[in-house]
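Trainee: Starting from these lines, generate the structure:
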Amino acid sequence: MIVAVASGKGGTGKTTVSVNLARVLDRDVQLLDCDVEEPNCHLFLSGTVSATDVVSIPIPKVAMTRCDGCGECSRFCAYHAIAIIGGKPLIFPDLCHGCGGCLLVCPPMAISETPNRIGVVETVLAGTITLLQGRLDVGKAMAPPLIRAVKNRLRPDLPAILDAPPGTSCPVITTLRGTDVVVLVTEPTPFGLHDLRLAVDMVRELHIPFGVVINRMGVGDDRVHRFCQTEKIPMLLEIPDDRRIAEAYSRGHLIVDALPEYRGLFLRLMEKIELLKNAGRETPAEKPSRGGQP
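Mentor: Residues are numbered from 1 along each chain as shown. Sure thing, here's the model as predicted:
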């Protein structure tokens, strides 16, 4: 089973849910930190780095002696990674998505490819948890290829928990594709509800079963609960606004280790996730009406 933990905004507690969920399984499990721009799952796990793999994407390289300046490559590129200036090609590596299309449309076949490093994938062994985390190089903008490189290292014989980037942009979509269940973490505040609505729309478009975890219960109001009830969204877990949780987090300790009484909550969360998976993927005909939003 592959579970993705996501949210519409940062700071809701995605990583908290991800690492504690991995811990309570008490069996071999894969934890993938797909927030490659700021991975932090390793802060809560004591482990050793067993492997570091460099990840690159192919970018065009032009043989100027063969290029006739026709501009076909520039017209083809939807991301404007190649421009023709004064009859000569100018390449912008940070805009290139590595699709290889420019090679195919170049009449004189003047374009080849060269690797452009974007980051690394680290494998960290921490007891029963195998952490796979991507680290995007400083100044690089192409997070999705690095996320795909992290996901390509998944072992199909082991359960996997994916800690997704915040928001609803391309890196999140890349993380969620191919998962069995999505857990959306939010908080009971106006900002939490606003971004939860965006995340719900995103997951429904992907037709993946999902439910909601409400973190820091007690700091806001009941508008998130009312939204979930109106939209018939399962509420999987409520984590209280417990000062002890914040203290454990600040020290890099897992909730289920520092406060064993919370272990049962995360075990029940996993049980509910398995029920969602068994219920099957949502089909477009099963989408609830959007007219009932509060």
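Trainee: Got phi/psi on the residue of the chain most remote from its centre?
Mentor: Taking CA atoms, centre = their mean, the residue of the chain most remote from its mean C-alpha position is residue 65, at 42.9 Å. Per-residue torsions, residue 65: phi -70, psi -20 (degrees, to the nearest 10).
Trainee: what's the distance between it and residue 263?
Mentor: According to CB to CB, to the nearest Å, residue 65 and residue 263 sit 67 Å apart. From N, CA and C alone the C-beta is placed, and that goes for glycine too.
Trainee: Identify the residues contacting the helix or strand harbouring residue 205?
Mentor: Using DSSP states H and E, the element containing residue 205 is helix 190-206. Contact with helix 190-206 is made by 6-9, 12, 167-168, 172-173, 176-177, 182, 184, 186, 210, 212, 220, 223-224, 227, 231, 233, 282, 287, 293, as judged by CB atoms under 8 Å, 6 or more residues apart in numbering.
Trainee: Return the set of buried residues in that helix.
Mentor: Neighbour-count burial for helix 190-206 flags 192-193, 195-197, 199-200, 202-204 (criterion: 16 or more other CB atoms under 10 Å).
Trainee: what's the closest of the residues you listed to residue 95?
Mentor: residue 202 (24.7 Å; CB to CB).
Trainee: Please identify which helix or strand holds residue 233.
Mentor: Using DSSP H and E, no helix or strand contains residue 233.
Trainee: distance of the closest residue to residue 12 other than its chain neighbours from residue 98?
Mentor: Nearest-residue entry for residue 12: residue 185, 4.6 Å, with adjacent residues in sequence omitted and distances by CB to CB, 6 or more residues apart in numbering. Using CB to CB, residue 185 is found at 32 Å from residue 98.
Trainee: Between these two, point out the one with more neighbours.
Mentor: Counted by other CB atoms under 10 Å, residue 185 and residue 98 do not tie: residue 185 has more neighbours, with 29 against 18.
Trainee: quick one: the strands in the stretch 101-250 of the chain?
Mentor: 111-126, 129-136, 160-163, 181-186, 210-217, 235-240 (DSSP state E, counting those that start in this stretch).
Trainee: now those in a markdown table, with mean pLDDT?
Mentor: Formatted as a markdown table, those follow (pLDDT from 0 to 100):
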| stretch | mean pLDDT |
| --- | --- |
| strand 111-126 | 96 |
| strand 129-136 | 97 |
| strand 160-163 | 98 |
| strand 181-186 | 98 |
| strand 210-217 | 96 |
| strand 235-240 | 95 |
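Trainee: Can you redo those as JSON lines, where the extra columns are distance to residue 70?
Mentor: Shown next, in JSON lines, are the strands of the stretch 101-250 of the chain (distance: least, CB to CB, whole Å):
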{"stretch": "strand 111-126", "distance to residue 70": "12"}
{"stretch": "strand 129-136", "distance to residue 70": "35"}
{"stretch": "strand 160-163", "distance to residue 70": "44"}
{"stretch": "strand 181-186", "distance to residue 70": "46"}
{"stretch": "strand 210-217", "distance to residue 70": "48"}
{"stretch": "strand 235-240", "distance to residue 70": "56"}
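Trainee: can you tell me which of these comes nearest to residue 73?
Mentor: Nearest of the strands of the stretch 101-250 of the chain (CB to CB): strand 111-126, 6.4 Å.
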